[in-house]
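**Q** predicted coordinates and the sequence they were generated for:
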Amino acid sequence: MQIVAALYHFAPFADPASLRPPLLDLCLAEGIRGTLLLAREGINGTIAGPRAGIDRVLAHIRSLPGCADLEWKEATADQMPFGRMKVRLKAEIVTMGQPDIDPRRSVGRYVAPQDWNDLIRQPDVVLIDTRNDYEVAIGTFEGAIDPGTRTFRDFPAWWAQNAERFHNKRVAMFCTGGIRCEKSTNFLMQQGVEEVFHLKGGILKYLEDMPEESSTWKGQCFVFDRRVSVGHGLRQGDLTLCHACRRPLTAADRADPVYEEGVCCPRCRNEYTPDDRARFRERQRQMALAMRRGDNHTAVEKDCAVSDSSCR
C-alpha cells in the first residue's frame, strides 16, 4: 500500500533553486514519487510512497523556511500512482497570473467541512467552483456556479465579466485541495468583496470527513495522478484518463464510437491535427509494447504526465 500526501504551503523562499537538490535527493533515496513545485511563493504537490519515506520527506519540508506549520492531506493507493519523482522550479506554485496576489497577507475565512453545508445553504451566499471545466464536469457541490474556465488564469477575467451578478452577496469558494482558493479569495478581497469564505482543506478534506449521507457533493473529484478521481472516503473512482487531452473519461465516454484509446475521446475529437493523432497512436503502441515486456515503469511514466499542479 502506498501513502499519498497532497500538500501546499505559501512561504517566502528567497532562493527556491537551492532547495531543489536536497529535496529531490531525499525523495529518491526514500522511494518517493510524484511532483513537487517550488517557487518564491512556496511549495505545492502530491507525492506517494512508503509510510516511513513520506514521513521523512514531510519532516524535511517542515524544516524549510516558513513551513513549520505545513498541513497536508493523506490517502492510500493499492499501487504507486506516479511514474517518477519530479521537483520543478516555477514562477507560481499555482498559476493565476496576478502579480499583486499574496495569500500570506490575507485570505477569505476558512470554513471547516462540518460547517460547510450550513454556509452554502444560506440564501445570501453564492457558491463558486474555482476549478477547470473538465474537473467540474465530473463532480461539484449542489448549486455551485461553474465559471467554465479552461485554466486558473481565466478566473480573473471571468470575475470581471460577472461581478455584478453577485452584488451584495457573500461568496463561498472551493477547489480540490485548497490552494486555488488561497489566491482566488485574496483576489476577490482586493476587488472589494467584503465577505469571502473558502472550504478548509478543499474538496478532498470534505470527502474525507463528511459522511456520504450528509454530503452535498455530487459525483467524483478529479485528482492529478493515476487514480484519476476519488469519491467519499477518498475511495478511488471509476474514471480513466484520455492520454491525448488528459481529461477524465466515464464509461459512456469510452463507449462512444469516436473513442480510441490513447488517441482520441469525445471531448478532444476536434482539438488535434492528423499528425498529432499519428503521434498519439505511436505513443500508445509503444506503451502497449512496454506493458507486454513487463516494463511497467515506461508505461506508467507516460500515463502519469497529467499536471504539475497537484494539490489544487
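**A** In hand now; what should we look at?
**Q** in contact with residue 200, which residues?
**A** Counting by C-beta atoms under 8 Å, 6 or more residues apart in numbering, residue 200 touches 110, 111, 112, 113, 178. Every C-beta, even on glycine, is put in place using the N, C-alpha and C of the backbone.
**Q** drop anything exposed from the residues you listed.
**A** With burial judged by 16 or more other C-beta atoms under 10 Å, the buried subset of these is 111, 113, 178.
**Q** look at the residue nearest to the last one when sequence neighbours are not counted and say how many residues are nearby.
**A** Closest residue in space to residue 178, ignoring its immediate chain neighbours: residue 202 at 4.0 Å, by C-beta to C-beta, 6 or more residues apart in numbering. When neighbours are defined as other C-beta atoms under 10 Å, residue 202 has 26 of them.
**Q** backbone phi and psi for residue 202, please?
**A** As for residue 202, its main-chain torsions (degrees, to the nearest 10) stand at phi 70, psi -170.
**Q** now do it against residue 112, distance only.
**A** To residue 112, residue 202 is 12 Å away according to C-beta to C-beta, to the nearest Å.
**Q** ditto for residue 137
**A** Noted for residue 137: a distance of 27 Å to residue 112, by C-beta to C-beta.
**Q** how about the contacts made by residue 31?
**A** Counting by C-beta under 8 Å, 6+ apart, residue 31 touches 49, 50, 53.
**Q** weed out the non-buried ones from those.
**A** Buried members of these, counted by 16+ other C-beta under 10 Å: 49, 53.
**Q** does residue 34 touch residue 223 like I think?
**A** No. Residue 34 is beyond contact range of residue 223, at 11.6 Å (criterion: C-beta atoms under 8 Å).
**Q** more crowded one of the two?
**A** A count of neighbours by other C-beta under 10 Å puts residue 223 above the other of residue 34 and residue 223, at 30 against 27.
**Q** so the more buried one sits right up against residue 231, yeah?
**A** No. Residue 223 is not in contact with residue 231 according to C-beta under 8 Å; the separation is 10.7 Å.
**Q** list phi and psi for residue 30.
**A** Taking degrees, to the nearest 10, you get phi -100, psi 0 for the backbone angles of residue 30.
**Q** out of everything not next to it in sequence, what's closest to it?
**A** With C-beta to C-beta, 6+ apart as the criterion, residue 30 has its nearest non-adjacent residue at 3.2 Å, and that residue is residue 53.
**Q** the one you found: what's it in contact with?
**A** Counting by C-beta under 8 Å, 6+ apart, residue 53 has contacts 27, 30, 31, 32.
**Q** after the helix or strand harbouring the first one comes which helix or strand?
**A** Translated: residue 27. Element membership for residue 27, per DSSP states H and E: helix 16-29. Once the chain leaves helix 16-29, the next helix or strand it forms, by DSSP H and E, is strand 33-39.
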